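Peer 1: just to be clear, the model below is a prediction. Sequence and coordinates:
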Amino acid sequence: MKETLSAALRNEAGALAGHIVDVQYARQPDLAGRYPGSARGKGIRDARHTFSVLADAVRCECPELFAGYVEWLRSVLASRGFRDADLGGFFEAADEALRERFEPEEYAFMGRYLRAAVERL
């Protein structure tokens, strides 16, 4: 299952990233004012990369890989003024998108990686 899920995450990364950023901006309309200009496009780019790292972690069955990435991402985004609440909003939307897109057993497998990382925020 891990190889299939990893490939599916990579294949769906663009669509998932765009959807998640749209959901986050709809839920947090103040983001557009706090992060003007190309922030939305950068958010989609960063979300795609996040799914790439999640796919790698799933493939090698290494939740620590993804959790370490999320800690690093948090520090990078904080240095650019991105709040923990904003990152939490992203991961909440990501969790919902994964739950909607994948079968329950697939989501359960990936969900533990996501939850382990979010617990560190």
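Peer 2: Yes, it's here.

Peer 1: all helices of the chain, in order?
Peer 2: The residue ranges that make up the helices of the chain, judged by DSSP state H, are 2-27, 30-34, 39-59, 63-79, 84-101, 104-118.

Peer 1: list the buried residues for the last one?
Peer 2: Applying a neighbour-count criterion of 16 or more other CB atoms under 10 Å, one finds 106-107, 109-110, 113-114, 117-118 buried in helix 104-118. (C-beta placed from N, C-alpha, C; glycine too.)

Peer 1: contact partners of that helix?
Peer 2: The set of residues that contact helix 104-118 without belonging to it, under CB atoms under 8 Å, 6 or more residues apart in numbering, is 1-2, 5, 8-9, 54, 57-58, 63-64, 66-67, 69-71, 88, 91, 94-95, 98-99, 102.

Peer 1: ok, of those, which come out buried?
Peer 2: The neighbour-count criterion (16+ other CB under 10 Å) marks 5, 8-9, 54, 57-58, 63, 66-67, 69-70, 91, 94-95, 98, 102 among the contacts of helix 104-118 as buried.

Peer 1: mind giving me the packing neighbours of the least confident helix or strand in the chain by mean pLDDT?
Peer 2: Using mean pLDDT, DSSP states H and E, helix 30-34 stands out as the lowest-scoring helix or strand of the chain, at a mean of 82. With contacts defined as 3 or more CB pairs under 8 Å, 6 or more residues apart in numbering; DSSP states H and E, the secondary structure elements packing on helix 30-34 are helix 2-27, helix 39-59.

Peer 1: go again using 7 Å as the cut-off
Peer 2: Applying 3 or more CB pairs under 7 Å, 6 or more residues apart in numbering; DSSP states H and E, one finds that helix 30-34 makes contact with helix 2-27.

Peer 1: name the helices or strands packed onto the helix it packs on?
Peer 2: Packed against helix 2-27 by the contact rule (3+ CB pairs under 7 Å, 6+ apart) you find helix 30-34, helix 39-59, helix 84-101, helix 104-118.
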